[in-house]
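A.B. asks: need the 3D shape of this:
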Amino acid sequence: MQIKNYIRDIQDFPKEGILFKDITPLLNDPIARKECLSILVASLNGQRIDKVIGAESRGFFFGMLLAQELNAGFVPARKPKKLPFTTISASYDLEYGTDALEIHADAIQKGDRVLIHDDVLATGGTAKALAELVQKLGGEIIQFNFLMELSFLNGRNKIEGHPIFAAITY
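C.D. replies: Have a look, this model is predicted:
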């Protein structure tokens, strides 16, 4: 099965000139979704994972499934002021300005083995921010895990030195 066949292109979304990779057909098909999860899990080669951190919001879909499959905790990384408890924050650059992600300050314990998951590796800004959050709390990054990578944007450069896996590469 080619999970790439379950990703559709949406031209000019969310703005003109952008070719958006829509994962909803993949989410909607239980067999394709299960195959994708198997591919993401297999990339870990049986390594123990204590926590899976997923980026808001599309990183939550497979992030939760991965946490369930790996018998690990799930840590939602959210936009500022969306979490109710004490948080830590990391900023990242956007095309025009900056944004930030936050996690609860007690979400990761020192020495936790962490899988960082997001739906797409593009410019690497979000991934780098997630790494900063994990490292601030003393977690050990085991792998960056993505549904897809837009390799022409060179996002890997921002997270060098860590294992990186993408189920699909464009």
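
A.B. asks: quick one: the strands in this structure?
C.D. replies: Assigned by DSSP state E, the chain shows strands spanning 8-11, 19-22, 51-55, 73-77, 87-94, 97-104, 113-121, 140-149, 164-169.

A.B. asks: sheet partners, orientation included, of the third one?
C.D. replies: Here strand 51-55 is paired, per DSSP bridges, with strand 73-77 (parallel), strand 113-121 (parallel).

A.B. asks: do the last one as well
C.D. replies: Taking DSSP bridges as the criterion, strand 164-169 forms sheet pairs with strand 140-149 (parallel).

A.B. asks: may I see the buried residues of the strand it pairs with?
C.D. replies: 141-149 (16 or more other C-beta atoms under 10 Å). For glycine as for every other residue, the C-beta is placed from the backbone atoms N, C-alpha and C.

A.B. asks: same thing with stretch 61-69?
C.D. replies: For stretch 61-69, by 16+ other C-beta under 10 Å, it's 61-63, 65-67, 69.

A.B. asks: tell me how far the spatially most central residue of the chain lies from Ala129.
C.D. replies: Centroid-nearest residue in the chain: Asp118, 1.4 Å away (criterion: C-alpha atoms, centre = their mean). Asp118 sits 10 Å away from Ala129, going by C-beta to C-beta, to the nearest Å.
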